[in-house]
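K.L.:
Sequence first, predicted coordinates after that:
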Amino acid sequence: MKSILAFLDLGLGLALLAATASFASTQAVSPTPKQAAAVQVGAAEDEAAIKAIVNRWQQAWENHDASILAGDYAEDADWLNAFGIRLKGSAKIVDFVSKVVKRPTVQGRQTTWGESTVRFVRPDVALAYRDYSTVGHKTPNGQEMPERKTHATWFLTKESGKWRIASHVICDDNAATVPAAK
């Protein structure tokens, strides 16, 4: 009898062990910090390429020459600026920015550029962010605007080994128009 009970206990134990192992194998296991560090979503050269695109935006404004942006936007890219201008397509975006950077109302401004940051969503999809502030920007009638605190977000994709901007959104703080917190 003892041998039968021992056999049953062993059988139940093995069944329980098998069920536990099966359940555990279907559960997500968090990687150790060492394993997590080994998993790299975006390579250093990808981050550098994306930051170069973000830096060309700065260069276009500082040099009043948007031609350096050619090739950075995808053919079907979306673009929205802080004044509500919405454009679609690389050629239209670069053409519009080329005209804006040459306006006398923006040429006297001074911009302080923050550091850009990059976040990889997947190895071929990334977001880049950059804040900057501008003084001396004038309205079309020549009146100086208050200091602009601008936030830009680039949504980029990598195709055929090249990063391109799929969408670019530029917005400003609008503290003067936001109701005070109660």
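P.N.:
Okay, I see it.

K.L.:
Show me the helices in this structure, by range?
P.N.:
In the chain, the segments counted as helices under DSSP state H are 2-26, 33-38, 44-63, 90-100, 104-107.

K.L.:
How confident was the prediction at the residue minimising distance to the centre of the chain?
P.N.:
Nearest to the geometric centre of the chain sits L127, at 1.4 Å (Cα atoms, centre = their mean). Listed pLDDT for L127 reads 98.

K.L.:
Let me know how buried the nearest residue to it once chain neighbours are set aside is, in neighbour terms.
P.N.:
Nearest non-adjacent residue to L127, counting by Cβ to Cβ, 6 or more residues apart in numbering: R119, 4.8 Å away. Every C-beta, even on glycine, is put in place using the N, C-alpha and C of the backbone. Using other Cβ atoms under 10 Å, R119 has 13 other residues around it.

K.L.:
how many neighbours does Y73 have?
P.N.:
With other Cβ under 10 Å as criterion, Y73 counts 26.

K.L.:
Can you pull the poorly scored residue ranges out of this protein?
P.N.:
Applying pLDDT under 70 to the chain flags residues 1-41, 175-182.

K.L.:
Could you count how many residues lie near the closest residue in space to E144 that isn't next to it in sequence?
P.N.:
Spatial nearest neighbour of E144, excluding adjacent residues (Cβ to Cβ, 6+ apart): K138 at 5.4 Å. Applying other Cβ under 10 Å, we find 16 residues neighbouring K138.

K.L.:
just A66 next, same as before
P.N.:
With other Cβ under 10 Å as criterion, A66 counts 22.

K.L.:
Please look at it and V97 and confirm they touch.
P.N.:
Yes. Counting by Cβ atoms under 8 Å, A66 touches V97, with 4.0 Å between them.

K.L.:
Now for the two: what residues contact both?
P.N.:
Taking Cβ atoms under 8 Å, 6 or more residues apart in numbering as the contact rule, A66 and V97 both touch A60.

K.L.:
what's the spacing between the residue nearest to V100 when sequence neighbours are not counted and G71?
P.N.:
Nearest residue to V100, sequence neighbours excluded (Cβ to Cβ, 6+ apart): V106, at 6.5 Å. Look at V106 and G71: by Cβ to Cβ, to the nearest Å, they are 23 Å apart.

K.L.:
Tell me which of the two has more neighbours.
P.N.:
V106 (16 against 12).

K.L.:
hang on, the more buried one packs against H137?
P.N.:
Yes. Counting by Cβ under 8 Å, V106 does reach H137; the two are 5.9 Å apart.

K.L.:
partners of the residue nearest to G42 when sequence neighbours are not counted in the sheet?
P.N.:
Ranked by Cβ to Cβ, 6+ apart and with sequence neighbours excluded, the top spatial neighbour of G42 is F120, at 3.4 Å. Beta-bridge partners for F120, by DSSP bridges, are A126.
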